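here's my sequence, what's the structure:
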Amino acid sequence: MTPELTALTLCGLLQMVQFILFAVPANLELGTRYTSGPRDKPPNQPLSTLTGRLQRAMNNHFEGLILFTLAVVVVTLSNQSTPVTQTAAWVFLAARILYVPAYALGLSPWRSAIWGLGFFATLTMLVAALI
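Have a look, this model is predicted:
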């Protein structure tokens with residue numbers, strides 16, 4: 001397995017951890033009757049600030065994971081794994097790990113800076129595959 005694929009696998013595991021970090025308090029706050037139901041109507045109460053932030057961080061990771069997965073697939077299938085793409089993959093993973101507590105704790109502007117680091121790591125991988 002290439003380092004990029006290893007980083008992608010760990011990003012998938014991070015997504016699962018983020019889901020658990022969000023789902024447990026959401027179930028406690030909203031009740032399993034609501035969370036296991038069809039959710040046709042909004043909940044009677046909003047999520048707590050922390051749980052809402054965990055949900056948004058999880059959703060953001062889904063979005064970032066789409067582009068990162070694309071970059072890993074392009075690099076891997078074109079057999080263009082290099083120290084640059086490998087480093088970028090690990091930087092993306094590190095940024096995504098740091099993003100969770102930064103978002104949960106409301107660390108502004110650090111949360112955005114960390115997000116940008118992961119974004120540019122993905123961009124680096126895509127550009128490196130083209131040159």
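
so what's the spatially most central residue of the chain up against?
Central residue of the chain (Cα atoms, centre = their mean): residue 61, 2.2 Å from the mean position. Residue 61 is in contact with 11, 14, 15, 18, 96, 99, 100, counting by Cβ atoms under 8 Å, 6 or more residues apart in numbering. From N, CA and C alone the C-beta is placed, and that goes for glycine too.

and those residues, which is closest to residue 45?
residue 18 (22.4 Å; Cβ to Cβ).

now do the same contact list for the closest one.
Residue 18 touches 54, 57, 58, 61, 100, counting by Cβ under 8 Å, 6+ apart.

just the ones of the residues you listed in strands?
In strands, defined here by DSSP state E, there are no members of the contacts of residue 18.

farthest pair in the residues you listed?
Applying Cβ to Cβ across the contacts of residue 18, the maximum distance is between 54 and 61, 10.7 Å.

list the residues that contact both of the two?
Joint contacts of residue 54 and residue 61 (Cβ under 8 Å, 6+ apart) are 18, 100.

and the pLDDT at the residue nearest to the centre of the chain?
pLDDT, residue 61: 96.

how close does it sit to residue 111?
Note on residue 61: its distance to residue 111, by Cβ to Cβ, to the nearest Å, is 13 Å.

next one: residue 1
Distance from residue 1 to residue 111, by Cβ to Cβ: 31 Å.

more crowded one of those two?
The neighbour count for residue 1 versus residue 111, taken as other Cβ atoms under 10 Å, is higher for residue 111 (21 against 9).

excluding covalently adjacent residues, which one is nearest to that one?
residue 102 (4.2 Å; Cβ to Cβ, 6 or more residues apart in numbering).

for the strand or helix carrying the one you found, what is the distance to the chain centroid?
Secondary structure from DSSP states H and E places residue 102 in helix 83-104. In terms of Cα atoms, centre = their mean, to the nearest Å, the centre of helix 83-104 is set 9 Å apart from its chain centre.

quick one: list the elements packing against that helix.
In terms of contacts (3 or more Cβ pairs under 8 Å, 6 or more residues apart in numbering; DSSP states H and E), helix 83-104 is packed against helix 3-30, helix 49-77, helix 110-130.

good, wrapping up.
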